[in-house]
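In: Mind folding the following:
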Amino acid sequence: MNALTIVHETIKQYVREGSFCIDATAGRGYDTAFLCELVGKCGKVIAFDVQQEAVDSTKRLLDDKGLSADVILDSHANMDKYAEGNSVDCIVFNLGYLPKGDHGIFTHFESTREAIEKGLKLLKNGGLMCVSVYYGGDSGYEEKDALLPWLKTLDDEKYQVLVTTFHNWKKDPPIPIFILKN
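Out: This is a model prediction of the structure:
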């Protein structure tokens, strides 16, 4: 069992053929491809990344698998320019840096907070947001330390926030977070 398995198994409970999903941090494209497979040809996936390398990598993976998504070179903080309010079934974030990429380029709390706030407005009632926090090594502590207390401030009448921890893992285990819109 790992963070990816937990997140993907949870997403499967919310995303169906014809769903509309956003991969807020495309990275190498694995979540984008996973979402494309779930939504099928009738659904839609938009993926964002600020690095051209990530956009190119995601597009290559989708091409190799015969899948299609809108892969956009832009910050996740601008996702509201590409989707209408209350239209998205699921939004996925992987915070940290691009795997096998430049560790000097990584997500920051300010843009992540803005993206989460906008994403919550885009989610349908009953929609799911998954935020996996990867930290440790040379980046991510500041974002994690700002994000976790901020999530406690979300209105519990509108959202339920579940923070999952691998309590006995050594070092810096990823933190899968699930936000459900009531």
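In: in this protein, which spans are strands?
Out: In the chain, the segments counted as strands under DSSP state E are 20-23, 44-49, 70-73, 88-95, 123-133, 159-163, 175-181.
In: how about TSV for these, with mean pLDDT, distance to Y30 and mean neighbour count added?
Out: Where C-beta positions appear, they are placed from N, C-alpha and C, glycine not excepted. Supplementary listing: the strands of the chain in TSV, determined by pLDDT from 0 to 100; distance: least, CB to CB, whole Å; neighbours: other CB atoms under 10 Å:
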stretch	mean pLDDT	distance to Y30	mean neighbour count
strand 20-23	98	9	26
strand 44-49	98	11	25
strand 70-73	98	13	16
strand 88-95	97	9	25
strand 123-133	97	12	20
strand 159-163	98	22	14
strand 175-181	98	15	20
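In: Need these in JSON lines (columns: distance to Y14).
Out: Formatted as JSON lines, those follow (distance: least, CB to CB, whole Å):
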{"stretch": "strand 20-23", "distance to Y14": "9"}
{"stretch": "strand 44-49", "distance to Y14": "14"}
{"stretch": "strand 70-73", "distance to Y14": "20"}
{"stretch": "strand 88-95", "distance to Y14": "5"}
{"stretch": "strand 123-133", "distance to Y14": "4"}
{"stretch": "strand 159-163", "distance to Y14": "13"}
{"stretch": "strand 175-181", "distance to Y14": "9"}
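In: for those, which one sits closest to W169?
Out: With respect to W169, and counting by CB to CB, the nearest of the strands of the chain is strand 175-181 at 10.5 Å.
In: what's the angle from that closest one to strand 123-133?
Out: Relative orientation of strand 175-181 versus strand 123-133 (axes from the mean of the first three to the mean of the last three CA atoms, to 10 degrees): 170 degrees.
In: Contacts for strand 175-181 next, please.
Out: Residues from elsewhere that reach strand 175-181 (CB atoms under 8 Å, 6 or more residues apart in numbering): 3, 6-7, 10, 116, 120, 123-133, 135, 144, 148, 151, 154, 158-165.
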